[in-house]
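A.B. asks: make a model of this:
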Amino acid sequence: MTGHRPWRELVEETFTLEQLRRMDRGLAPARREVDRLVNEAYDEATERMVGRQQNPPRVTFEDLTADFSSDQWAELQDLVNQLLRKKSVHELAAAADMEIPPFERPNPWTDDAPFTLGAYTKGIREGWPESDIERWIVCGLPRDFNVLNAAQQRAALAERVPLTHTRWDALLAAMVEHVAWLHGHERPAWVDEPERFLDSPWVLSPIPIIRMHSLMYAPAAFLRHGAIPDPRDLDRRGGERCDWTP
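C.D. replies: Prediction:
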């Protein structure tokens, strides 16, 4: 029965290529409107979740949602879907012959490239600039760890990170110990290896006032290992001990 055949297939048999092109051009405004409404729904839902207006936008959706737990992501998805239904976006998309992309939580890790703490030694082994290595360990690691579920986190912590025989080993161990504590896990045994402690404290910032704040407010894991970043770089993902104003 032709009535059960895909609409697009029937249209392609009925109209010439030029007629289809004109139809597509005619649908373009509706499709742009759908894109606008979808983006608006994401912005509105995110603003409700973080409790502040971004007008004009100052940070990206990924930055705003970087700290979200699994429960917060589920809440955001429900809120987005509510807004899409309220604004009849699905109906408009159907009329414009387009599909709304499914809600997906950003995650840089895939089955082909799963999360591993050992990945954070890459920059050290390849000789990246020190500022890039520091940023990836201090900011990137806790953000990526945060998107894993509890089982994935435990599996990642259990895998021993190879030593690089540099002072970065102490910073990486301290960060792993700290995020394990933040997420309610036991610290992995490998972070207690002697090679992952510094004989003399290494305060990453060269600026005197920041060095003082680092020693005063850095979480315990960093003081224990002797590699001490600026606590402001840890932000909420790092469990800072004092409130900072960016």
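
A.B. asks: all strands for the chain, in order.
C.D. replies: 202-203, 227-228 (DSSP state E).

A.B. asks: neighbouring strands of the first one in the sheet, and parallel or not?
C.D. replies: If you go by DSSP bridges, strand 202-203 pairs up with strand 227-228 (parallel).

A.B. asks: ok now the partner strand, how far from the chain's centre?
C.D. replies: When distances are taken as C-alpha atoms, centre = their mean, to the nearest Å, strand 227-228 is centred 24 Å away from the chain's centroid.

A.B. asks: pLDDT on that strand, on average?
C.D. replies: Averaging pLDDT along strand 227-228 gives 96.

A.B. asks: show me what it is in contact with.
C.D. replies: 167-168, 170-171, 174, 198, 201-204, 214-215, 218, 222 (C-beta atoms under 8 Å, 6 or more residues apart in numbering). To be clear about C-beta, it is placed using only N, CA and C from the backbone, and glycine gets the same treatment.

A.B. asks: can you rerun that using 7 Å?
C.D. replies: 167, 170-171, 174, 198, 201-204, 214-215, 218, 222 (C-beta atoms under 7 Å, 6 or more residues apart in numbering).

A.B. asks: over to stretch 171-179?
C.D. replies: With C-beta under 7 Å, 6+ apart as the criterion, stretch 171-179 contacts 117, 120, 137-138, 141-142, 145, 157, 161, 187-188, 191, 196, 219, 221-222, 224-225, 227, 238.

A.B. asks: of those residues, which belong to helices?
C.D. replies: Judged by DSSP state H, those include Leu141, Pro142, Phe145, Leu157, Ala221, Phe222, Arg224, His225, Gly238 as members of helices.

A.B. asks: right, I'll call it a day here.
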